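A.B. asks: The following comprises the amino acid sequence and a computationally predicted model.
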Amino acid sequence: MANPHSFGTGIRATKAVIPAAGLGTRFAPATKAVPKELLPVVDVPALEYIVAEAGRENLKDVLIITARGKNAIEEHFDAAPEIEAALEQKGDTDRLARVRRSTDLARIHFTRQRVARGLGDAVAHAEAFAGNESFAVLLGDDIIDERDVLLSKMLDVQAERGGIVVGLIEVEGRFISLYGSIKPAGEVIDGVIEIATLIEKPKPEEALSNLAVIGRYVLPPEIFDALRRTELGKRGELELTDAMRTLGQDGVPIHGVVFSGRRYDTGDRQDYLRAVVRLAVEHPELGADFSGWLVEFAKGISADAIDEAGRTDQ
Ligand code: UTP
């Protein structure tokens, strides 16, 4: 009998889940009162870039998973009558449109994760929202530059082939322990690779390849049952990677789309700073002045201050 999971439905997912309930310990103390997902990247919170990405992909319903102490996330995606009235009075129509944009990007829903028990647990909170449909997961601190294609291709691959699709990047071996690592089941063909299995945050010597899972997934509704069957991992968290591996063992196909474009993990201080500088340089209003300042500033940085190894934060 043909594997019932081997074929897609031909229909692209229309729902997105954005987990944003993590503690953000890597960014403390900034994250004591401000959710890391709301840290501004130039003048827009990181999370708005991600909701906008979902909107561009026609993921019309977006469920944001928040937590205690993160109410500001709901405020951001609501109307802001006082700010709007003040901008209207000043005649600042551009900024007014940008303030209003966050409420128009998608139909946004919220639910709360009670305890930060891991990404798998956060995704488990989306069961009623997803129903019987496949859905996309976009991590609330992982920005993909809108000029580079990833999610769009992932949604197409999932519609065509069914099962699970994850976003992948190539990383140097010493950084694999920050990510999920995949074991390929074949070659990369047109940017897509079949995955045999995957593990979360391996030691460099245990890595299955140099392909690492990043914060974009398209998941079938069977993931919820797999999450129920998954035990807490070695970090004491319910790992989405472990539930995906279980589904793979059940015969559900897993594919990866390899991404080589611009991506910023805004939960990592180094990457966050890079995102702010890069997007400030490219900003239509601020870019020219800021770039001029940056060039002069960079001339004053001594070579001694440059640490080649300091590429990632933990
Ligand atoms: P991270 O792996 O960055 O974890 O989560 P974290 O707890 O937020 O941050 P650090 O490591 O302590 O600095 C990736 C995404 O998954 C969400 C986070 O909000 C983030 O968007 N997440 C993580 C949850 O929603 N719930 C969790 O229990 C864990």
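C.D. replies: Looks like it arrived, so ask away.
A.B. asks: Going by C-alpha atoms from here, please, whenever you check contacts or count neighbours.
C.D. replies: Noted.
A.B. asks: Just give me the neighbour total for the residue of the stretch 151-300 of the chain found nearest the ligand.
C.D. replies: With Cα to the nearest ligand atom, the shortest gap between the stretch 151-300 of the chain and the ligand falls at Gly267, namely 5.6 Å. Around Gly267 there are 22 other residues, counting by other Cα atoms under 10 Å.
A.B. asks: Any chance of the backbone angles for the nearest residue to it once chain neighbours are set aside?
C.D. replies: The shortest distance from Gly267 to any residue that is not its chain neighbour, by Cα to Cα, 6 or more residues apart in numbering, is 5.7 Å, and that residue is Asp141. Its backbone dihedrals place Asp141 at phi -130, psi 10, with angles given as degrees, to the nearest 10.
A.B. asks: For Asp141, list the residues it contacts.
C.D. replies: Contacts of Asp141 were listed using Cα atoms under 8 Å, 6 or more residues apart in numbering, and they are Ala20, Lys36, Glu37, Ala46, Leu47, Asp265, Thr266, Gly267.
A.B. asks: before we move on, back to that, so the residue of the stretch 151-300 of the chain closest to the ligand belongs to a strand, correct?
C.D. replies: No: with the criterion set as DSSP: H, G, I helix; E, B strand; the rest coil, the secondary structure at Gly267 is coil rather than a strand.
A.B. asks: do you know how far it is from Leu96?
C.D. replies: Applying Cα to Cα, to the nearest Å, one obtains 28 Å for the distance of Gly267 from Leu96.
A.B. asks: Is it correct that Ala126 is in contact with Leu63?
C.D. replies: Yes: with contact defined as Cα atoms under 8 Å, Ala126 and Leu63 form a contacting pair (7.4 Å).
A.B. asks: shared neighbours, the two?
C.D. replies: Applying Cα under 8 Å, 6+ apart, one finds that Ala126 and Leu63 are jointly contacted by Val17.
A.B. asks: on that earlier part again, please report the distance of the residue nearest to Gly267 from Ile50.
C.D. replies: Between Asp141 and Ile50 the distance, using Cα to Cα, works out to 8 Å.
A.B. asks: Show me which residues of the stretch 51-200 of the chain are close to the ligand?
C.D. replies: In this structure, the stretch 51-200 of the chain approaches the ligand at residues Ile65, Ala116, Arg117, Gly118, Leu119, Ala122, Leu139, Gly140, Asp141, judged by Cα under 6 Å from any ligand atom.
A.B. asks: ok, then the element right after the helix or strand in which Ala54 is found?
C.D. replies: Using DSSP states H and E, Ala54 sits within helix 46-56. Following the chain from helix 46-56 toward its C-terminal end, the next helix or strand by DSSP H and E is strand 61-66.
A.B. asks: Output the contacting helices and strands for that following strand.
C.D. replies: When contacts are defined as 3 or more Cα pairs under 8 Å, 6 or more residues apart in numbering; DSSP states H and E, strand 61-66 packs onto strand 15-19, strand 107-112.
A.B. asks: Partner strands of the shortest one, with direction?
C.D. replies: Sheet pairing of strand 15-19 (DSSP bridges) gives strand 61-66 (parallel), strand 135-138 (parallel).
A.B. asks: With the last one instead?
C.D. replies: According to DSSP bridges, strand 107-112 has the following sheet partners: strand 61-66 (parallel).
A.B. asks: Show me what counts as buried in stretch 263-274.
C.D. replies: Of the residues in stretch 263-274, those buried under the neighbour-count criterion (16 or more other Cα atoms under 10 Å) are Arg263, Tyr264, Asp265, Thr266, Gly267, Asp268, Gln270, Asp271, Tyr272.
A.B. asks: can I assume the second one is in contact with Leu139?
C.D. replies: Meaning Tyr264. No: counting by Cα under 8 Å, Tyr264 sits too far from Leu139 to count as a contact (11.3 Å).
A.B. asks: Please enumerate the strands of the stretch 201-314 of the chain.
C.D. replies: Using DSSP state E, counting those that start in this stretch, the strands found in the stretch 201-314 of the chain span residues 211-219, 254-258, 263-265.
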